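Trainee: Output the structure for:
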Amino acid sequence: MKHSTIACGAIVFVAGLGWYAAGAATEQVLYSFPSGAKAFDRVLENGPSKLFATTYSDARYGTIVELQKSVGQWHANTLSQFQGGADGQNPIGGVTDNNANVLFGTTVFGGTHGAGTIYGLPIGGQRTVLYSFTGGADGNQPESTLLFDRTTGAFYGTTAGGGSAGCGVVFQLASNGSNWVESTIYSFAGGTDGCDPERSVHFGRQRGTIYGSTRRGGAANRGTVFTLKEKRGVWKEDVIYAFKGGSDGSQPSDLGIDTDGTIYGITELGGTLKNGTAFQLSQTNGAWHESVIYNFTGGADGIRPIGMHLDQDSGVIYGTTEKGGGFNGGTLFSLTKNGSSWTEAILHAFGAGIDGKQPGARVTEDNKKGLLFGTTVSGGSFGGGTIYQAKL
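Mentor: Residues are numbered from 1 along each chain as shown. Next up, the predicted model:
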């Protein structure tokens, strides 16, 4: 794929659609959330013409929204509205579907103990609370989108707090045939072990291997990348890299695992100019080595990278920054490998109009159609954020 850098003034608007031309990508706002809604995480694409997203504070406690395309137009429908209290409130993570058209997700607050919930929502049915966190050893404040294992039917997620040391956990949600059972598969100890695993975890190449990141902890308290490996029902954790907080980056966020086992990721801070990095972790003779593949300058290329998606076919990394860009509303960018170096290109700079501001998570790719879908936390027609698509 060819990408060219955006010229900051090159914006094209088509009345009623909100199209924006930005280099090699054309951005279109599919839906503008009402004021204060705040969509923090990724969009789920379910079939050729359905999208799902969550809002943190729309209608006070948050919602699950469906967008469905019909005769070339996208129409929004609120599938479920959180009521607070035992029902759960304020989803930060997005939704994940299983093999039976049921959406699963988490709320950061609410539930029986006020420490968050895991819920299930059959598409076209009623949402139910599957588990209420106690805030103790099982974790507190789940923020991540769940990871679904299509072989076993189990889900994996993280909590930002709770656990044995108050530094969060990685948990599993599995069905025993009649009920959903939550179990803590790892509790972070803080210190050199890592703390605050607020982002989603990812499967590795080998069965029973999970990778993730923590925002804090490690020798310099600048975050870690860790692996969890399961053997006979027991999970063992290893920190494979601890960030120093200098040129190597600080506060790792999103990750992607390539087919050859290379881990790609972003840090929100640190790097040569302290505006965040993109990095890779590769393994040689059993040892992991980190190298920075891009340093964000803090200008037109963006500030504070917040989400990334690795295209397994092309090897291109698509990502978002929370701030910066030509209009200081954040960016949608790509990183393409050319030999031993990487080239960054801005696909869209947010904040020029109703296109949205402050993208809060990774994009979802439909590579058959050449489309990226994503959300912004603010901006749009009403200031409450957007669901957008970018045509590559």
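Trainee: His113 sits in which helix or strand?
Mentor: Using DSSP states H and E, His113 sits within no helix or strand.
Trainee: List the contacts of Phe279.
Mentor: For Phe279, the contact set (Cβ atoms under 8 Å, 6 or more residues apart in numbering) comprises 248-249, 252, 264-267, 290-293. Heads up, the C-betas are built off the backbone N, CA and C, glycines and all.
Trainee: so which of those would you say is closest to Thr112?
Mentor: Thr112 has its nearest neighbour among those in Pro252, at 32.4 Å by Cβ to Cβ.
Trainee: Run the chain-centre distance for stretch 83-93.
Mentor: 19 Å (Cα atoms, centre = their mean, to the nearest Å).
Trainee: Ok, stretch 227-235 next?
Mentor: On Cα atoms, centre = their mean, the centre of stretch 227-235 falls 24 Å from the chain's centre.
Trainee: For it, buried residues please.
Mentor: 227-228, 235 (16 or more other Cβ atoms under 10 Å).
Trainee: that older thread, can you add neighbour count and give the contacts of Phe279 back as CSV?
Mentor: Shown next, in CSV, are the contacts of Phe279 (neighbours: other Cβ atoms under 10 Å):
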residue, neighbour count
Asp248, 20
Gly249, 30
Pro252, 28
Tyr264, 22
Gly265, 27
Ile266, 29
Thr267, 28
Glu290, 19
Ser291, 9
Val292, 17
Ile293, 17
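Trainee: out of those, who's nearest Leu310?
Mentor: Looking across these and measuring by Cβ to Cβ, the closest to Leu310 is Tyr264, at 5.5 Å.
Trainee: three-state assignment of that closest one?
Mentor: Here Tyr264 is recorded as strand under DSSP: H, G, I helix; E, B strand; the rest coil.
Trainee: Beta-bridge partners for it, please?
Mentor: For Tyr264, the beta-bridge partners are Gly256, Gln280 (DSSP bridges).
Trainee: Tell me which residues touch Ala220, please.
Mentor: Applying Cβ under 8 Å, 6+ apart to Ala220 gives the contacts 242-245.
Trainee: Out of those residues, which sit inside strands?
Mentor: Ala242 (DSSP state E).
Trainee: Name the member of the contacts of Ala220 that has the highest neighbour count.
Mentor: Phe243 (29 neighbours; other Cβ atoms under 10 Å).
Trainee: quick revisit: okay, the contacts of Ala220 in CSV with pLDDT and distance to Lys368 next?
Mentor: Shown next, in CSV, are the contacts of Ala220 (pLDDT from 0 to 100; distance: Cβ to Cβ, whole Å):
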residue, pLDDT, distance to Lys368
Ala242, 98, 39
Phe243, 98, 36
Lys244, 98, 41
Gly245, 97, 40
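Trainee: Next, format the contacts of Ala220 as JSON lines and append distance to Arg42.
Mentor: Putting the contacts of Ala220 into JSON lines (distance: Cβ to Cβ, whole Å) gives the following:
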{"residue": "Ala242", "distance to Arg42": "27"}
{"residue": "Phe243", "distance to Arg42": "24"}
{"residue": "Lys244", "distance to Arg42": "29"}
{"residue": "Gly245", "distance to Arg42": "27"}
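Trainee: Closest one of the contacts of Ala220 to Pro34?
Mentor: Of all the contacts of Ala220, Phe243 has the smallest distance to Pro34: 38.0 Å, by Cβ to Cβ.
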